[in-house]
Every structure is written in structure tokens, then in C-alpha cells.
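**Student:** Need a 3D model of the following:
(one chain, ligands or ions: 2)
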Amino acid sequence: MEGFTGVISDLGGPTANMYRMACKSETIEASCRKLSCVYPGICENLNTDHTALIQLYRKARNTKGIKKVLIGSGLRYDLAVTSPEYVKELVQHHVGGYLKIAPEHSEENVLSKMMKPGMGSYNKFKEMFDRFSKEVGKEQYLIPYFIAAHPGTTDEDMLNVAAYLEKQAPGNGTAKNKASIELGQKIYRGGIPGKNVAACAGCHAPNGAGIPAQYPRLAGQWAEYTEAQLVAYRSGERKNSVQMTGVASRMSDAEIKAVSDYIAGLR
Ligand code: HEC
Ligand code: SF4
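**Tutor:** Ligands and ions are numbered 1, 2, ... in the order given. Predicted coordinates for the structure are as follows:
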């Protein structure tokens, strides 16, 4: 196919991992009055076997002309954790550095309104994700999405999710590429004068703490994440900030890398 590079950005569906999953019995299904097969818990009649999907992944990535098959659809991690073999397959072959995942909230009150599983299965999935990544020496990350002010959310829920996120403190990132850190520091503190790029410190604060609700915190963020965001602003893939699109559009790859490395070391 002309223009096809061999990379499939998403092999999924409404859900990434419910391929061929169905009620064990058509008779039961016909008379079932439950609203969901996966909430409040996974129904014991639901066939959660991931074998067909694992086979599909293997077949897809071994097809001639295919270089990489990624999974971008929403993953039901409560189902995924029932099959370590599936999580391993996914993590070791089909994650391109980052896997977006949507716990949506930390609080049961909100999760119940969305009919979403609790944080227990998210934590379990994260543990498996990290372990299987490490096993093959891949440095890759989960990008969990959270939603604010879903209908039914109380002030207390909001405070609790904030406290939860605060505890997941960044600051695990470390500046590692010493050569470019000096350049990164210059850009962060003074911008790139010749190119009309404003100092990051001007908005995100000199220590990278940001200004809550206005300018996000950057300090200690994984360099790979920061780099990916800047590239996304530059390409227009991420377009929710005119300011950041302006900043990133004038930066070269090397400058983006340098400032991302520097930010990872900020505390
Ligand atoms: C004029 C103010 C301003 C300047 C200067 C600025 N930023 Fe930003 N930045 C913002 C705003 C506002 C956002 C939030 C936009 C959004 O939600 O996408 C943001 C978001 C970001 C994000 C995404 C954070 C995340 O958690 O996803 C990164 C990374 C970032 N900026 C890096 C930089 C770097 C590096 C520089 C310097 C080269 C810089 N910014 C300069 C205002 C600024
Ligand atoms: S809720 Fe259970 S019994 Fe009902 S259709 Fe789904 S899997 Fe079958």
C-alpha cells in the first residue's frame, strides 16, 4: 500500500482486549438482565480467555511487511490481569514506549458511577507492566488518564484524587545526558533568544514546580515523556495550548532533547 510504513498504530476495537470474549452460554445470555458483564465485578459466566487475541497479535506482527503493531485502544486492565500471558505479550511486543490507560479516578464513589473497576486492578496491572518491561530490558511507561469533575464527584473525591496523584510524585526521572544538560539549562532559564523561544522558567517557574491550575509542573518528569509532549506540540498532534505550540514549533530535536534532560533533573 502506498505510503504505508509497516507500522500499525492501533490494533484494537472499542476495547483493546475483549476480542472474542462473550458469555459462556447463549441461553444464559438471552435471559440475562445484568447491565454489564464486567461490573461490579467480572461475571463468572464471561469467557475472559485472551488466547485468540494473543494469537491474533502474533499473526499480525509476523505478517510480511509489518514492522510494528501497537495497541492504542482502551485496555480493560481488570480483564487483562486475569491473563499474565496476555499482559506479557502486550508489554513485550506491542507498546511503543508508552501505554495510555484510563483509571479515570482513584475514588470508588466516582468509579462506581462510571462502572469502572477499582484501583486495585490498576495497581496489579502496573506491577505486571513494570515487571514484564524490565524482563526484556525495555524502559517504557504507563500514562494513566484521570478525569476531574465527572458527574457525581464530590469535593472530597477531588481532594482525594489530588492527594493520590501527589503521592505518585514525579521526581523519579533523573537527568542523564550530561552533555546536553548545559544547553538544556540555558534554554530552560533563558529561552533561545535567536529563535524567539521564551524561557520555560518564565511560565513553569525556575524550579519547574509550575503554577497550579495555570502552568503544569515539569520538574522531575521523565525526559522521554517531556520530549514526546514537545514533539507532539510541534507537530500539532497535541494542540490544546497555543503557547506551547508556539514554543515547540521553533525548537530543534536537539534543543527539545536537551531541555527534556534538564527538566528530568529539576527538583
Ligand atoms: C508562555 C508560557 C509558557 C512558556 C514560555 C513555556 N510553557 Fe510549557 N506550558 C505552558 C502551558 C500553559 C502549558 C499547559 C498546556 C496544556 O495543557 O497543554 C504547558 C505545558 C507544557 C508541557 C506539557 C506538560 C504535561 O504534563 O503534559 C511541557 C512538557 C512543557 N510545557 C514544556 C515547556 C518547555 C520545555 C518550555 C521552554 C522551552 C516551555 N514549556 C515554555 C506555558 C508555557
Ligand atoms: S453478565 Fe454474565 S451471564 Fe450476563 S451476559 Fe454477561 S457474561 Fe453472560
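
**Student:** can you tell me which residues contact residue 75?
**Tutor:** Listed by CB atoms under 8 Å, 6 or more residues apart in numbering, the contact set of residue 75 reads 15, 16, 17, 90, 99, 101. Backbone N, C-alpha and C define where each C-beta goes, glycine included.

**Student:** can we see that at 6 Å?
**Tutor:** For residue 75, the contact set (CB atoms under 6 Å, 6 or more residues apart in numbering) comprises 16, 17, 101.

**Student:** How about residue 203?
**Tutor:** Residue 203 makes contact with residue 215 under the criterion CB under 6 Å, 6+ apart.

**Student:** Model confidence for it, exactly?
**Tutor:** Per-residue confidence (pLDDT) for residue 203: 96.

**Student:** Which strand or helix spans it?
**Tutor:** Following DSSP states H and E, one finds residue 203 within helix 200-204.

**Student:** Could you verify my assumption that residue 80 touches residue 90?
**Tutor:** No - counting by CB atoms under 6 Å, residue 80 does not reach residue 90; the two are 7.4 Å apart.

**Student:** In this protein, where's the longest helix?
**Tutor:** Across the chain, the helix with the greatest residue count (assigned by DSSP state H) is helix 119-135.

**Student:** Buried residues, that one. List them.
**Tutor:** Residues 119, 121, 122, 125, 126, 128, 129, 132, 133 are the ones in helix 119-135 that count as buried (16 or more other CB atoms under 10 Å).

**Student:** of these, list those near ligand 2.
**Tutor:** Among the buried residues of helix 119-135, not one lies near ligand 2 by CB under 6 Å from any ligand atom.

**Student:** With respect to residue 183, which of those is nearest?
**Tutor:** residue 133 (29.7 Å; CB to CB).

**Student:** Distance check, the residue lying closest to that closest one once chain neighbours are set aside against residue 86.
**Tutor:** Using CB to CB, 6 or more residues apart in numbering and skipping the chain neighbours, the partner closest in space to residue 133 is residue 140 (5.0 Å). Distance, residue 140 to residue 86, by CB to CB, to the nearest Å: 17 Å.

**Student:** Tell me where the protein has helices.
**Tutor:** Under DSSP H, the chain gives helices at 26-31, 51-61, 77-80, 84-93, 108-114, 119-135, 155-167, 178-190, 200-204, 223-235, 242-249, 253-264.
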